[in-house]
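Trainee: Sequence plus predicted model, see below.
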Amino acid sequence: MHTDDLSSDDEDPTGTNNRIGRIPLHWYDDYEHIGYDAHGQKVIKSSQGDNLDRALEEADREQGKFVVYDALNAKNVELTERQITLLRRMQSGAFAHPEHDANPDYIDYYSGIPEISGLNSNRYEKKSRFQPSAYEKLQVRRLLHRLKCGSINMDFLEGKVRDMNDLVKRKEEDSDKPFLLWKGDEEDELALRKGPQHIAPPKQPPPGHAYSYNPPEEYLPSQEELEEWAKLDPEDRPYGNFIPQKYDNLRSVGAYQDAVKERFERCLDLYLCPRVMKRRLNIDPESLVPRLPRASDLRPFPTTKCIEYRDGEESSVVRCLSVSPDGQFLVSGGEDGVLRLWEVQTGRLVRKWDLAEVVEKMAAKEDDVLQTQESEEADTVKLKKPITSIEWNPNRSHHCVLAGIGKCALIIATGTGSIDDAEVTDALLSEASSIKSGGNIAPESRAAKAVKWVSLKKLNKLASTSSIAISAYGGTIGPVVILQTNRDVSSVRWHRKGDYFVTVSPKAGAAAVLIHQLSKAASQQPFGKTKGEVQLACFHPVKPFLFVASKEHVRVYHLVKQVMVKRLMSGCRHISSLDVHVSGDHVVVGSLDRRLVWFDLDLASTPYKTLKYHERALRSVGFHPRYPLMASASDDGSIHVFHSMVYSDLMRNPLIVPVKVLRGHSVVNSLGALAMVFHPTQPWLFSAGADGKIHLFQDL
């Protein structure tokens, strides 16, 4: 065959020919084109001209040239000599190709002699050769069914018996021979029988010593027992209608008068009473308990009490604790209204401030009351206000403490910073220390009636301690500014940047939650009204959210958009503590009804986990800022430490495993461990209780 006879896409190298395939051309009669080329361009119809034009073209064409019209591509095509030769041969009735040999010489490719060759010797076996045969599987299934039904046996399968009829004949011949009535496999035969499932009847208990013809003396009833049995129904008697008797020998035993009656009732029970097969679930109890990792694999976590912090004086109830961001100092607030500053490593009491005295003298200063001897004696009798909440500024450069006592919130400069930190702290407190006329609050705002800023710069003499700085670089030390509210302050919390803080006064109504800015000495009241009695409030660590906890719910507010984002339903009666994970996606809540509730904000508004490990009310809960740890303090005097791993993968749930129970506080007046806080950089835990003790637990 000649190469030019083959059809190929190379005939149209430019791609300008029509590519519509077998679509009829009359579909394009109403269009100016007849299709599309390989480039997607329209193939425009070309006019053929009239007969005169065609005659002139034929006259001008060279002799021996033939042109035909290609309707598909709308153009004239000049035939080659090869194409003209093929057309003439087909018109004459010959084969089109001149190279075609119609009568080739015969070649004997296949002879009658079998020969061994290497063709197909290295071919792989077919895949079907390695797969089980479906026909053989069907045959095996049929044989198993016949074997199960009993129509054949293993002798037939092994070839020992050619026909099963031979076995039937043998059985008929052996039918006259004696055989056993009970072979022991009757239940198996009934189970293989077709129809409803056979359920074996319950077996009667075997006879005891009382049914013996010579029973022991303790089984023989006395005359009084026989009279009592006669008054009872047969079902309530110990042995029914049977009365134990003693005989000299077995031959003296007479017939049982109720034997036929009891057999008949037994048959009625088996015949009329329905029986149901109950399948027991063989479940291993250990498989139902979730597999938790060992506590030794989840280290580090606090295990041992190492340091106890003592004042030396008569200890009072310690209500709250807080640690500096560098973990070097610890502050505690007591029932006596004294704020104490401790050194963590040594347990030394560095400084203490009597905030209750500062608040009382500040109130006396404003009322212009003369401090006479009689009033001083009255003050000594009057109970001091306790410190309800304290928190160290979370910013490492800001060395100040926020404390809530009575109706006031105080800012205390600790004087523990370096030379650079002292300057930053003084700059932060400069506006508040020099404030006048109640603070930078608009007179027409709602916060102007709820809070008042008062500088303590001129009242440094009221402090009972020295104003010498702890750090060698100096700086401001002691109470700097006091915020006076209308009701008692129960909780204070800083924002993570260390400039804003929030105070909570549960009895203040709409002014229960107040947000303050220390650098500008300004305050604002975010809510016009509150739902329920607010107990706690804290900031989101990353987003502009504010968590506000009432007695039963936790509401999340967007401070920028000023809308409520979510309401968390805790299921608790009275929420006592609240903390947010450093990631901001998890919230833990403690309540007075012994519940520890974990919320996953990305999951739902209902609790992810509710834990009840304590025996009494929970007073404090919190996360570790760096390690996957969580702890809860309770009035039972114990502190439970949990391994709380939060994964970045949203498909994995948090892992909560209890690892340690810390004990060291005694219960005083139904109060136990009142406060706990983690060390910011180490897996350590500080705890305080009603017994006035402060403990440090380390991972030893």
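Mentor: Good, I have the coordinates.
Trainee: burial count for Phe329?
Mentor: Per other Cβ atoms under 10 Å, the neighbour tally for Phe329 reads 22. In short, each C-beta sits where N, CA and C put it, glycine included.
Trainee: repeat for the one 4 residues further on
Mentor: The local packing of Gly333 (other Cβ under 10 Å) involves 27 other residues.
Trainee: what do you get for the one 5 residues further on?
Mentor: Taking other Cβ under 10 Å as the criterion, the count of residues near Val338 is 21.
Trainee: Could you double-check that it sits in contact with Asp354?
Mentor: Yes. Counting by Cβ atoms under 8 Å, Val338 touches Asp354, with 5.2 Å between them.
Trainee: Would you check how far apart Val260 and Val276 are?
Mentor: 29 Å (Cβ to Cβ, to the nearest Å).
Trainee: Check Val489 too.
Mentor: 68 Å.
Trainee: Between the two, which has more neighbouring residues?
Mentor: Neighbours were tallied for Val489 and for Val276 using other Cβ under 10 Å; the higher tally belongs to Val489 (25 against 5).
Trainee: For the more buried one, which non-adjacent residue is spatially closest?
Mentor: Nearest non-adjacent residue to Val489, counting by Cβ to Cβ, 6 or more residues apart in numbering: Gly404, 3.8 Å away.
Trainee: Shouldn't that neighbour be within a helix?
Mentor: No. With DSSP: H, G, I helix; E, B strand; the rest coil as the criterion, Gly404 is strand rather than part of a helix.
Trainee: show me where the stretch 401-550 of the chain has helices.
Mentor: 419-433, 447-450 (DSSP state H, counting those that start in this stretch).
Trainee: now those helices as JSON lines including mean pLDDT?
Mentor: Listed next are the helices of the stretch 401-550 of the chain as JSON lines, based on pLDDT from 0 to 100:
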{"stretch": "helix 419-433", "mean pLDDT": "89"}
{"stretch": "helix 447-450", "mean pLDDT": "89"}
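Trainee: Out of those helices, which is closest to Tyr647?
Mentor: With respect to Tyr647, and counting by Cβ to Cβ, the nearest of these is helix 419-433 at 35.8 Å.
Trainee: Pull out the buried residues from the closest one.
Mentor: Using 16 or more other Cβ atoms under 10 Å as the test for burial, helix 419-433 gives Asp421, Ala422, Val424, Thr425, Asp426, Leu428, Leu429, Glu431, Ala432, Ser433.
Trainee: If I look at the nearest residue to the first one once chain neighbours are set aside, what pLDDT would I see?
Mentor: Distances taken as Cβ to Cβ, 6+ apart put Ser397 closest to Asp421, at 5.0 Å, once the chain neighbours are dropped. We have a pLDDT of 92 for Ser397.
Trainee: Begin at 494 from now on, thanks
Mentor: Renumbered: residue one is now 494, and that last one reads Ser890.
Trainee: And for Ser890, the neighbour number?
Mentor: The burial count assigned to Ser890 is 17, neighbours taken as other Cβ under 10 Å.
Trainee: my hunch is that Lys1044 is in a helix, does that hold up?
Mentor: No. Looking at Lys1044 with three-state DSSP, it is coil, so not inside a helix.
Trainee: Tell me the predicted confidence for the nearest residue to it once chain neighbours are set aside.
Mentor: Counting by Cβ to Cβ, 6+ apart, Lys1044 lies nearest to His1067, which is 5.0 Å off, once chain neighbours are set aside. Residue-level confidence at His1067 comes out at 94, pLDDT.
Trainee: ok, His1067 - contacts?
Mentor: By Cβ atoms under 8 Å, 6 or more residues apart in numbering, the contact set of His1067 is Gln1028, Lys1044, Glu1045, Ser1084, Leu1085, Asp1086.
Trainee: Show me where the stretch 844-993 of the chain has its strands.
Mentor: 880-885, 893-898, 901-906, 944-948, 971-978, 984-987, 993-997 (DSSP state E, counting those that start in this stretch).
Trainee: Serialize those to TSV and add fields for mean pLDDT, mean neighbour count and distance to Glu720.
Mentor: Converted to TSV, these look like this (pLDDT from 0 to 100; neighbours: other Cβ atoms under 10 Å; distance: least, Cβ to Cβ, whole Å):
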stretch	mean pLDDT	mean neighbour count	distance to Glu720
strand 880-885	95	23	77
strand 893-898	95	26	82
strand 901-906	93	26	86
strand 944-948	90	21	90
strand 971-978	92	23	86
strand 984-987	96	24	78
strand 993-997	96	23	79
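Trainee: Put together JSON lines for these, with distance to Ala723 on each row.
Mentor: As requested, the strands of the stretch 844-993 of the chain are arranged in JSON lines below (distance: least, Cβ to Cβ, whole Å):
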{"stretch": "strand 880-885", "distance to Ala723": "78"}
{"stretch": "strand 893-898", "distance to Ala723": "82"}
{"stretch": "strand 901-906", "distance to Ala723": "87"}
{"stretch": "strand 944-948", "distance to Ala723": "90"}
{"stretch": "strand 971-978", "distance to Ala723": "86"}
{"stretch": "strand 984-987", "distance to Ala723": "78"}
{"stretch": "strand 993-997", "distance to Ala723": "79"}
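Trainee: So which residue is smack in the middle of the protein?
Mentor: Asn1146 (2.4 Å; Cα atoms, centre = their mean).
Trainee: Confirm for me that it is in contact with Tyr1101.
Mentor: Yes. Asn1146 is within contact range of Tyr1101, at 7.5 Å (criterion: Cβ under 8 Å).
Trainee: shared neighbours of these two, anything?
Mentor: Joint contacts of Asn1146 and Tyr1101 (Cβ under 8 Å, 6+ apart) are Asp1093.
Trainee: about what we covered before: would a markdown table of the helices of the stretch 894-1043 of the chain with distance to Asn742 be doable?
Mentor: Formatted as a markdown table, the helices of the stretch 894-1043 of the chain follow (distance: least, Cβ to Cβ, whole Å):
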| stretch | distance to Asn742 |
| --- | --- |
| helix 912-926 | 109 |
| helix 940-943 | 106 |
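Trainee: residue ranges with poor pLDDT in the stretch 594-743 of the chain?
Mentor: In the predicted model of the stretch 594-743 of the chain, residues 604-605, 607-611, 613-615, 667, 672, 676-685 satisfy pLDDT under 70.
Trainee: mind listing the helices for it?
Mentor: Assigned by DSSP H, counting those that start in this stretch, the stretch 594-743 of the chain shows helices spanning 627-642, 647-651, 657-666, 679-685, 716-724.
Trainee: Dump those helices to TSV, plus mean neighbour count.
Mentor: Converted to TSV, those look like this (neighbours: other Cβ atoms under 10 Å):
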stretch	mean neighbour count
helix 627-642	11
helix 647-651	12
helix 657-666	11
helix 679-685	11
helix 716-724	10
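Trainee: Compare those and report which one is nearest to Ser1016.
Mentor: Smallest distance to Ser1016 across those (Cβ to Cβ): 84.3 Å, for helix 679-685.
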